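Q: with the input below, show me the fold.
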Amino acid sequence: MSFAPVLPMGGLAGWGFLKRTQETQAAAFTRQASVQREEAYFRDRIASVETAEDLVNDPRLLRVALSAFGLEADVNNRYFIRKVLEDGTTSDTALANRLADKRYLEFATAFRLHKGGVPRTGLTGFADGILSQWKTRSFETAVGSKDETYRLALNAERELAALAQKDMSNDARWFTVMGNTPLRKVFETALALPPSFGALDIDRQLAVFKEKAAAAFGSSEIAQFEAPEKMEALVRRYLLRADQAAAPATSPALMLLQAARR
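A: You can find the predicted model right below:
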């Protein structure tokens, strides 16, 4: 795909520009001939996929399917993906249930290609849903080719909005965050957690995430990020701290962050 997002500046100013132009730029992305070709191919063939083997043996279908869940890096890991799909999601020993990254669980649930199951690939609206996710995430990936922090910020906005709507406890929402690699990175960066943090006991990690979030945003509830001002505060902290990690001590981003602390 040849789309090049327009990002004339970095940092918070660049983020503001991206948000103002996001709808227009995303529309330009989906109008590309390459995107339209992949969409037509997926629509034409996905209903014929009845097994995990069918899907992994078609690289074009598999790339779109994986990219819809942010898992495009696994497109060549065909045995692994086949195992994720064939195990399904109902057993505690299923691979998707044992992986920390719950995007694999979402992927397996969406396609339902486990042995003995009834595939969802032929259902009315299935292709529409997967392609919508694919185009959204592919646009984010294109943005990430210019600035990875913006990709993660866009992903966080989308994922947290969806997570806030789910009928689950706050702890379950935090565990979902902790099991979503891109989303976890945003929180770890925004809350200034060290690289060694992931080695802690899982319950201790949960407690620290909640404590840090309450201190930074006034509440430990994930649902708070449904409010635009809280989402903006999270993204702002994330972008400033990401800039701080990559910039010299006299950078404007670091000065802004230090001023915010005071």
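Q: gap between Ile46 and Asn155?
A: 24 Å (CB to CB, to the nearest Å). Placement of C-beta: from N, CA and C, glycine included.
Q: Ile46 and Thr136, how far apart?
A: Counting by CB to CB, the gap from Ile46 to Thr136 is 18 Å.
Q: domain parsing for the protein?
A: Following automatic domain parsing, one finds the domains of the chain at 11-130, 177-261.
Q: could these go into CSV alongside mean neighbour count, distance to Phe3 and mean pLDDT?
A: Shown next, in CSV, are the domains of the chain (neighbours: other CB atoms under 10 Å; distance: least, CB to CB, whole Å; pLDDT from 0 to 100):
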stretch, mean neighbour count, distance to Phe3, mean pLDDT
domain 11-130, 16, 5, 96
domain 177-261, 16, 20, 87
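Q: and of the ones you listed, who's closest to Glu148?
A: The closest of those to Glu148 is domain 177-261. By CB to CB, the value is 8.6 Å.
Q: with just CA atoms, put the helix or strand where Arg45 lies into CSV.
A: Arg45 is part of helix 33-45, with elements assigned from DSSP states H and E. In CSV, the C-alpha atoms belonging to helix 33-45 read as follows (Å, rounded to 0.1, in the frame of the first residue of the first chain):
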residue,chain,number,x,y,z
ALA,A,33,-6.8,0.8,-5.6
SER,A,34,-4.7,-1.6,-3.6
VAL,A,35,-7.1,-1.5,-0.6
GLN,A,36,-10.1,-1.9,-2.9
ARG,A,37,-8.5,-4.9,-4.6
GLU,A,38,-7.9,-6.7,-1.3
GLU,A,39,-11.4,-5.8,-0.1
ALA,A,40,-12.9,-7.3,-3.3
TYR,A,41,-10.8,-10.5,-3.0
PHE,A,42,-11.8,-11.0,0.7
ARG,A,43,-15.5,-10.5,0.0
ASP,A,44,-15.4,-12.9,-3.0
ARG,A,45,-13.6,-15.7,-1.1
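Q: who touches it?
A: Helix 33-45 has contacts (CB atoms under 8 Å, 6 or more residues apart in numbering) with 1-3, 29-30, 58, 60-61, 63-64, 127, 130-131, 134-135, 138.
Q: do that again at 7 Å, thanks
A: Applying CB atoms under 7 Å, 6 or more residues apart in numbering, the external contacts of helix 33-45 come out as 1-2, 29, 58, 60-61, 64, 127, 131, 135.
Q: which strands and helices sit next to the helix or strand containing Ala233?
A: Taking DSSP H and E as the criterion, Ala233 maps to helix 228-246. If you count contacts as 3 or more CB pairs under 7 Å, 6 or more residues apart in numbering; DSSP states H and E, helix 228-246 packs onto helix 11-30, helix 148-164, helix 181-190, helix 202-217, helix 252-261.
Q: who's in contact with the first one?
A: To tie it back to what came earlier, the one meant is helix 11-30. 3, 5-9, 35, 135, 139, 142-143, 147, 150, 153, 236, 239, 243, 253.
Q: try stretch 58-71
A: 38, 41-42, 45-46, 49, 55-56, 72, 74-75, 103-104, 106-107, 111, 130, 133-134, 137-138, 182.
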